[in-house]
Structure formats: structure tokens, C-alpha cells
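K.L.:
What follows is a protein structure lacking sequence information:
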DNA sequence: TTATATTGCGCAATCGATTACATTAAGTTA
DNA sequence: TAACTTAATGTAATCGATTGCGCAATATAA
């Protein structure tokens, strides 16, 4: 276990001081080209590796950024992460990923932990439960960039990258209307979360703009689970005047609904259309591929990362950016009544 | 932006030295209970937060562990991560996740980066390409625990947690045989990777143990993609003497095969059985749920984390552990010819 | 009562890199 | 040539926490 070589070792080898070595390694213009080369060569020879911790301690910059999200094992989130990585790793950052499991308390703890670990920034997608903002004001007070993605909260000083959920929902609903559906139901999850509220509004306004009635009993809340989708579809179809289409705010909900509809021999898409939301991979694998709204998770991650980098580059100026990505409707068989 | 409080601030407030404060905070037995209480109270009052970087620099322990894997946006891997987190976060560790995208060069870079960041340990699932071991011996030389999961390499000093791929494949094949299939084909990916080699061996030996012939043309290599599965199935069915079952080393391969089989009106499971590997979520969502071998990713992650903790607890003693988890065959409709 | 533990805490070095502030030598200008 | 730049490097403090060693005060033993 050979001791790691430090700048002092290099200094000793060249009979100069550690300060000079440090400057040479950092390509400081006040160091002569000759010395730089000597230092670089010796560093190489001695197999020198910069001790990130020491540098971090002194400079206050850890080169770590924290990413907080509800779950990692969901395609949407893991793809966002991939986007973040693609931007940040090449810049020398490390990504610390933390899951909240939709638990506000855990979210608050995690923020504290990351702050103690001296992260240079925090990218976060809110837990469902969260309504406290104290932990976020703490982040901002410490002048640590805070960027929300997907699930945001409006806080002065925090940036955000979100999807235009309203537009996505509007487009999906409009598409169903264009397919000839007139009694369109909506499955939502937790209307207290902004994203679901926006999806509902998009759905609602598309109906209104097309002079279709908005039946309250056509909007059902459910957990984002497949069984819940089945159950909700059952209830909808048991109505006196059942719907002829469903726009679901989640893909699993849509899938559950389709399963129930098939089980009661409803023909999709001939007699019933379904559109989901998130464009989860399975939607295209199904025997009956499911139409869905794509959230561009890769782009969202990259964008959030870029916003973070901007904020780092100009720590003095206070930047606050709110970016909204445009969703893409992926039209598949589950809603293709008419061939266009 | 108030300056962070340090142990010196606490010391000054109580008119004692920072050394005492440090010891009190670390619950050192040489500090009196009274002093400890005072320090703790004052720390609370001044909103003191330990600077992890400083502690890390001094102690050489960063409380970060690196997790390296090919992709994060695959259910198997993201669930392994969840398992790792569940064990390590409560112990105060942070998890730095890095993706190799199956690129050996990137893997080597990543290992270097993590080492420079002074991680306390590295948990890794090999990239497909990797055959170099230099970067791993470097890790071990620095006395940093190295634990492989799922995709391993045999290196002195490194531990591993893997699945008994052989057994999983054997059971799957045996199950197909018990369903009455006699001409069982096998879709594999990259036979140079140990996991696929073992799956092949399991398949092969199950056939041999049942005195079934092993036809070379029944084993096909493919990428882990759905189209490849379709294509491979086409080739298999075009054989003079086509198979009556497929055991695929990947779920996407199985799905692609099923899609092709359906398209040529082969009845599953009546006339043809299919079993996949990995138990990806979609396998149970399908209209025809696909049998698959579950890899217990959560358990794998937890186990790998525990092995790491063990190694940390006894840094002096050299522990090398190889753990093999038992797979579970999830029998679903795609291979249920006979009701048991 | 003297010798010896034990308890509680301070002193100061240390981890490795960074950087404001000298300092020295060489080059330039008038 | 004196006065002044400029270039290149050195000095030493600093980031915040940890820890071996030592010392004083109190407790225990002989």
C-alpha cells in the first residue's frame, strides 16, 4: 500500500515549493512553461493523483451535485439521470443520487445530508408529499444552486425545467376527439401535485374548446398502479352513460384500463380509444401498443444540468430560469381509430 | 449568506478547545458527560453542521461509495441500486452512481475518477467489453474494497455477489421439458460474458440430463433487443425441424420471439412455450404474461452492500467473499401448457 | 501520607491543496 | 545608471476536523 504522492512529493523531487507545483498543475499563467512541463512530467512519473477532498475543502467546491428524486427504478427518472450525467460527468462532476420514495421527511433529510456533504448544487424532483419549503430556502440561503425538474415548486431563486403537462394533456385529448371520441374520461393520480393538475386542466380545456361537456364522474383518481387502472375502468364502464375513450395521466393506469376493457370484450381502438402519459417503454411493446405522451426525459435531464452549469458559471449574478419542454404525443394503435 | 459554524465557534462559545468539541461530538469516552451535553446543546443552538469534507480529508474516509454499472435505466440495475441504498444510506454513506454504457474505456476512467474522489469502496457490474483488469488491481492496491455484482471477474481480493445463472437456466429449461417440450431453442447474447455462458451451460445440461439432443442450430446469438428477438425467432422457425420452445437469456428476446410467433399464428402456450430471463416488469403486464427467471435485484444490491460494510468493518483482515443468489423461476402463461 | 491511577481536557501537528502577499531576479525606460 | 516593471517563484496562512501526546486535577491504593 504505497502512500499516495502529493504535490509535496513533486515539489521535493524538483526542489521547488508545493505552491509552484499547485500553480503549475492548475496551469497558472504566472508559472513558466519550462517549470510547468517539469512538474507535469514528474507528476506523471510519480503517478500523482489530485486529492479531490483536499481541494474541495480549500476551495469550497466539491464537484459533487446531488440529484433527488422519488424513485430511480422508473424509466422516466432513470433517463433523466442519464441526461444529467451526460452533461455533468464530462465537466468533472460526480452525481450523488438519492431517492425519497415520495416521503417528505426523507426528502428533507436528504437535502440536509447533501448540504453537509458540500454539494455544489441540487437537482430535485419533488416527492408527492412535499409541501414544506424550509429545506429549500436553506439551500438557497447557502447560495447553492437549486433546480427543480418535472415536479417543481415556485420558490424565488430556484430554477426549474418542466414539461408542458397542460399542452401534453391538451394534445392527447384533442387527438382523441379527432378520432371521433366524444365521451372522454380522465384518470388522474394526485391532483394536489402540479403536474397532475395541469394534465387535468389540459384535458378539460380541450373538451371545452371542442364544445364537449365535462362530466365530473368521468374524472377518477387512482394510484399509479395497474390494478387501480383496471378497477377505475370497471367503475367507468359501469356508469349509466359510459365513456368511449380514456386519457390517463399514467401509463400503468392506461394499461390497467385496457386490460379490463379487453376482458369485457370492448374493441380497442374500434369502439374505445386510450392514451396514456409518460411513454414508458412497455407502451410500445404491448400487443396493442399504447399511445402516450412522451416527456423527453433525456432532454429534461440535460437541460436541468445545463441550467445548473450556467448558475455555477455566474455565481455572483443571481439567475433564475424556468424552462418548459414541449411534449410529444406518440400515437399508437390504442387510439388509432382513423388512419390518417 | 451567514458563515457556517465550525467546531471553533462552539469552542469559543464555551471557552474550551476545538479538540474537546470534536471529541464531544464524536462521543469520545474521555470527555465528561457534562461537557458533552454542553457541546451538543451549543452545537444545536448555533446550528452547527459537520463539514464532511474536512473530516474526510483528515480521516481518509469520504463516506462515499461508487457504484458502476452498464446502464441505470434498466429495471434490474436500478433495483440493485435501490437495494444498495437501502443498506448504505442509513449508515451515512452517499452513493455515487456511474454508467459505463458497456464501454471498457469509460469504465476504466470511472474507476480512476472514483479513486481520486477518495471513495471508500466500489461496487461494480462489469461492462460487456471489459477484459482488462489493471484498473481493478489498482483499486485493490489502494486497499479500497471492490465488490462485483451480477457481472463479475475473478480477481484475488475482490468479492462478488452474483446470481446462479446456471441454476436459473437449468430450472427454466427443466420446466419447459416438464411442459412436454422436446425441441428447445436458446437465445443468448454475448457468450463471452460469464452470465450468458452460464445460462447456456444450464440450458445445455438440463437437456442432456433429460436425454434430449442439443442441436447447435437451436442456439442463436442476438443483441438484447426486441427486433433481434423477432428476427431470431424467424430463423428458428424457418429451420427444417423447428423448435417447440425457446428459453431466452433476455426478456426482450423472449418478447420479440413471441411477437413473431403470434404473427405466424403459432399458439402459445399450446403449441409453443417461451421463457425469458430477468423478470422485467413488462413480462407480467403483457396480455400473454411471459415466464421469466427472477434475479432478485433488490437482494443482490443489499447483499453487495453488506459485503462492503463487512469489509469496512475489518479493513485489516482481508476478506474475500463470493456469494451466489438463487434465482426464482416465475412461471406465467407463456409456458403453462399443463396446469399443475 | 505518599505513590499511583484515572479522568478530563488542552496543545499542536496533520490531512493535501490553494492563494494572498511577499520576494527576487531579470528586463525596460528615461 | 537609477527607477520602475514584469515575470517567476517562495512564504505562510487557510479550509475544518481529527488525534497522539502531555499535563493537571482528582481518586484510589498502599
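P.N.:
The structure has been received and is ready for your questions. Being a predicted model, the structure only gives us computed values, none of them experimental.

K.L.:
could you point out where the stretch 1-150 of chain A is predicted with low confidence?
P.N.:
A:1-2 (pLDDT under 70).

K.L.:
List, one by one, the residues from it near DNA strand D.
P.N.:
By the rule Cβ under 7 Å from any atom of the strand, the part of the stretch 1-150 of chain A lying against DNA strand D is A:15-20, A:23, A:30-32, A:34-35, A:54, A:57-58. Using the backbone N, CA and C atoms, a C-beta is placed for each residue, glycine as well.

K.L.:
out of these, which are inside helices?
P.N.:
By the criterion of DSSP state H, membership of those in helices covers A:18, A:19, A:20, A:23, A:34, A:35, A:54, A:57, A:58.

K.L.:
of all the residues you listed, which two lie farthest apart?
P.N.:
By the measure Cβ to Cβ, A:34 and A:57 form the most distant pair in those, at 30.8 Å.

K.L.:
between these two, which one's more packed in?
P.N.:
More crowded of residue A:34 and residue A:57, by other Cβ atoms under 10 Å in any protein chain shown: residue A:57, with 20 against 8.

K.L.:
and the nearest residue to that one once chain neighbours are set aside, how far is that from residue B:215?
P.N.:
Nearest residue to residue A:57, sequence neighbours excluded (Cβ to Cβ, 6 or more residues apart in numbering or on different chains): residue B:53, at 4.5 Å. Distance from residue B:53 to residue B:215, counting by Cβ to Cβ, to the nearest Å: 61 Å.

K.L.:
Kindly report the same for residue A:303.
P.N.:
Going from residue A:303 to residue B:215 by Cβ to Cβ gives 52 Å.

K.L.:
These two: which has the busier surroundings?
P.N.:
Legend: neighbour count by other Cβ under 10 Å for residue A:303 and residue B:215, higher for residue A:303 (23 against 15).

K.L.:
Just give the nearest non-adjacent residue to the more buried one, would you?
P.N.:
residue A:161 (4.7 Å).

K.L.:
Now do the contacts for that neighbour.
P.N.:
A:147, A:148, A:149, A:150, A:300, A:303, A:304, A:307, A:323, A:324, A:325 (Cβ atoms under 8 Å, 6 or more residues apart in numbering or on different chains).

K.L.:
Mind checking what secondary structure it has?
P.N.:
strand (DSSP: H, G, I helix; E, B strand; the rest coil).

K.L.:
which stretches of the stretch 51-200 of chain A form strands?
P.N.:
A:64-69, A:94-99, A:121-124, A:146-149, A:159-163, A:184-188 (DSSP state E, counting those that start in this stretch).

K.L.:
Quick check: can you name the pairing partners of the fourth one and their directions?
P.N.:
Pointing back at strand A:146-149 there. Here strand A:146-149 has these sheet partners by DSSP bridges: strand A:121-124 (parallel), strand A:159-163 (parallel).

K.L.:
do the same with the last one
P.N.:
The strands beside strand A:184-188 in its sheet (DSSP bridges) come out as strand A:219-221 (parallel), strand A:245-248 (parallel).

K.L.:
Out of the ones you listed, indicate the one that is most buried.
P.N.:
Highest mean neighbour count among these (mean count of other Cβ atoms under 10 Å in any protein chain shown): strand A:245-248, with a mean of 31.

K.L.:
Between the ones in helices among the residues of the stretch 1-150 of chain A next to DNA strand D, which sits nearest residue B:131?
P.N.:
Minimum distance to residue B:131 across those is 34.5 Å, recorded for residue A:54 (Cβ to Cβ).

K.L.:
show me what contacts the nearest residue to the closest one once chain neighbours are set aside?
P.N.:
Of all residues not flanking residue A:54 in the chain, residue B:57 sits nearest, at 5.4 Å (Cβ to Cβ, 6+ apart). Neighbouring residues of residue B:57 by Cβ under 8 Å, 6+ apart: A:51, A:53, A:54, A:57.

K.L.:
Return the residues of the stretch 101-250 of chain A in contact with chain B.
P.N.:
The stretch 101-250 of chain A comes close to chain B at residues A:112, A:113, A:114, A:115, A:116, A:117, A:118, A:141, A:142, A:143, A:226, as judged by Cβ under 8 Å from any Cβ of the partner chain.

K.L.:
filter these to the buried ones?
P.N.:
Listed as buried from these are A:113, A:114, A:115, A:116, A:117, A:118, A:226; burial here means 16 or more other Cβ atoms under 10 Å in any protein chain shown.

K.L.:
How much space separates the fifth one from residue A:143?
P.N.:
Put plainly, it is residue A:117. On the measure of Cβ to Cβ, residue A:117 and residue A:143 end up 16 Å apart.

K.L.:
one step back: please narrow the buried ones among the residues of the stretch 101-250 of chain A next to chain B to those residing in helices.
P.N.:
Short answer: those in helices (DSSP H) are A:113, A:114, A:115, A:116, A:226.

K.L.:
so what are the domain limits for chain A?
P.N.:
Domain assignment for chain A by automatic domain parsing gives A:7-50, A:63-163+A:297-327, A:165-295+A:329-335.

K.L.:
Same list (these) but as JSON lines, adding distance to residue B:202.
P.N.:
Below are the domains of chain A laid out as JSON lines (distance: least, Cβ to Cβ, whole Å):
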{"stretch": "domain A:7-50", "distance to residue B:202": "43"}
{"stretch": "domain A:63-163+A:297-327", "distance to residue B:202": "27"}
{"stretch": "domain A:165-295+A:329-335", "distance to residue B:202": "26"}
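
K.L.:
out of those, which comes closest to residue B:83?
P.N.:
Per Cβ to Cβ, nearest to residue B:83 of the domains of chain A: domain A:63-163+A:297-327, 10.3 Å.

K.L.:
That closest one and DNA strand C, are they touching?
P.N.:
No. Using Cβ under 7 Å from any atom of the strand, domain A:63-163+A:297-327 stays clear of DNA strand C, with a minimum separation of 10.6 Å.

K.L.:
so how far is the helix or strand containing residue A:258 from its chain's centroid?
P.N.:
Remark: residue A:258 resides in helix A:251-263, with elements defined by DSSP states H and E. Distance of helix A:251-263 from the chain centroid (Cα atoms, centre = their mean, to the nearest Å) equals 26 Å.

K.L.:
the inter-axis angle of that helix versus strand A:184-188?
P.N.:
Going by axes from the mean of the first three to the mean of the last three Cα atoms, to 10 degrees, helix A:251-263 is angled at 130 degrees with respect to strand A:184-188.

K.L.:
now check the helix or strand immediately after helix A:251-263 in the chain, is it near chain B?
P.N.:
Proceeding N to C from helix A:251-263, the next assigned helix or strand is strand A:273-278, under DSSP H and E. No. If you take Cβ under 8 Å from any Cβ as the test, strand A:273-278 misses chain B, and the best it gets is 12.2 Å.

K.L.:
Return the list of helices and strands in contact with strand A:273-278.
P.N.:
If you count contacts as 3 or more Cβ pairs under 8 Å, 6 or more residues apart in numbering or on different chains; DSSP states H and E, strand A:273-278 packs onto helix A:165-178, strand A:245-248, helix A:251-263, strand A:291-294.

K.L.:
and for it, what are the contacting residues?
P.N.:
Defining contact as Cβ under 8 Å, 6+ apart, one finds that strand A:273-278 is touched by A:75-76, A:168-169, A:172, A:175-176, A:179, A:181, A:199, A:244-251, A:253-255, A:257-258, A:261, A:268, A:283, A:290-295, A:329, A:334-335, A:337.
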